[in-house]
Each structure stands twice: as structure tokens, then as C-alpha cells.
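J.: got a predicted structure plus its sequence, pasted below:
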Amino acid sequence: MPRKNDIEIFTGYRDELIGSIAAMHSRVYSKIAGFGAHFEAMVATNFANFINRLEFECNQTWFAEQKGKIIAGISIDGQTLGNNKGNLRWFVVEPKFQSAGLGSELMKLAMDFCDEQAFDEVHLDTFEGLDAARKLYEKYGFEMTEQRLGRNYGREVMQQKFVRVYDKKQA
């Protein structure tokens, strides 16, 4: 669906998606947090494994393109956590498209999907300092449930876990 600035949002896989999402994460987070090869390899490996599981209806990915170039992405992994919990993963927007509503649009698609799946909870893992992203998470009902120093991303950062509980009364 074409939008302003010739940006289109797509659902599912297309050629070069794995490499594009891994490269975008590497570019964005090396500048923001100094993440390096460990982080890029982790994203590429985990995202590639996830893409191979898109055949399951509890998993989905969305990405935005402008003129054939992938500029943003988000995914919901409905299998990894088990117990009817979704996991929001690989959410990234190229910096020049941040603060333009694209992240919010992708988040809405992902949360609508989670509501359709009726996940009891949706989890996401991130790190301290991503204030704009945190505001977006909170807008969609996520609350921070854990914060601790860790090295999951390849260097020590204050890791954060956010959880969104599905309100079955509103369904």
C-alpha cells in the first residue's frame, strides 16, 4: 500500500529481507550503543531462523520499503516463549524515517496481529536509552517488568524487558 514519500509496507518474506534487517540493526545500533559483530551475527542468525518459521500462523513479519530499499521492520514470534505469549522482535527504523510515524504504523500492525492471535502476553527485550521507542511501547500498553545489567547484545548495557498483557475483556 503506497503512502507518503513512496513508502510501502509489506507482510511476510521477500528476497534480501534477512540481510537488510540484520544490516539495518547493525548500522543503527552500532551508532547508538556501540554494538558490533556479535550483535549483527546474533540478529542475522535469529532472524533467519525465525523467517524459516513464518509458515506458522502465530509468526509474522512486516517491513517498509522506499524505492525498493527496506527502511524498517518489525516481527512477532509466537512460538519461542510458548504458553500463548508473543515476542516482539527485530523492530528497527532507519534514522531518517524515525519520528515520522512509520514506527507507530508498524507497531499498530504488530499489536493488531497479537490481538487477533489472542496472545495472553507480548514480551519485548531492549536496552536503556531508547526513549522514543519506550514511549511507543508504553503507548501500546507495554510496561517494564525487569531491568538488569547484561551482555546479551555483545557489550554491557542496562537490559530491559517489557510486557503487554492482553485484556480479554476488551476483545
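T.: Thanks, I have it.

J.: pLDDT below threshold where in the protein?
T.: When residues are selected by pLDDT under 70, those of the chain lie in 1-4, 167-171.

J.: what about the strands in it?
T.: Listed in chain order, the strands of the chain (DSSP state E) span residues 7-11, 60-66, 69-77, 85-93, 121-127, 143-150, 157-165.

J.: which residues touch the second one?
T.: Outside of strand 60-66, the residues that reach it under the criterion Cβ atoms under 8 Å, 6 or more residues apart in numbering are 5-14, 17, 20-21, 50-51, 54, 70-76, 90, 93, 97, 102, 105-106, 109-110, 113. For every residue, glycine as well, the C-beta is placed using N, CA and C.

J.: quick one: that strand to chain centroid distance?
T.: On the basis of Cα atoms, centre = their mean, to the nearest Å, strand 60-66 sits 11 Å off its chain's mean C-alpha point.

J.: just want the angle from it to strand 69-77.
T.: 170 degrees (axes from the mean of the first three to the mean of the last three Cα atoms, to 10 degrees).

J.: swap in the first one?
T.: Angle, strand 7-11 to strand 69-77, by the same axes, to 10 degrees: 30 degrees.
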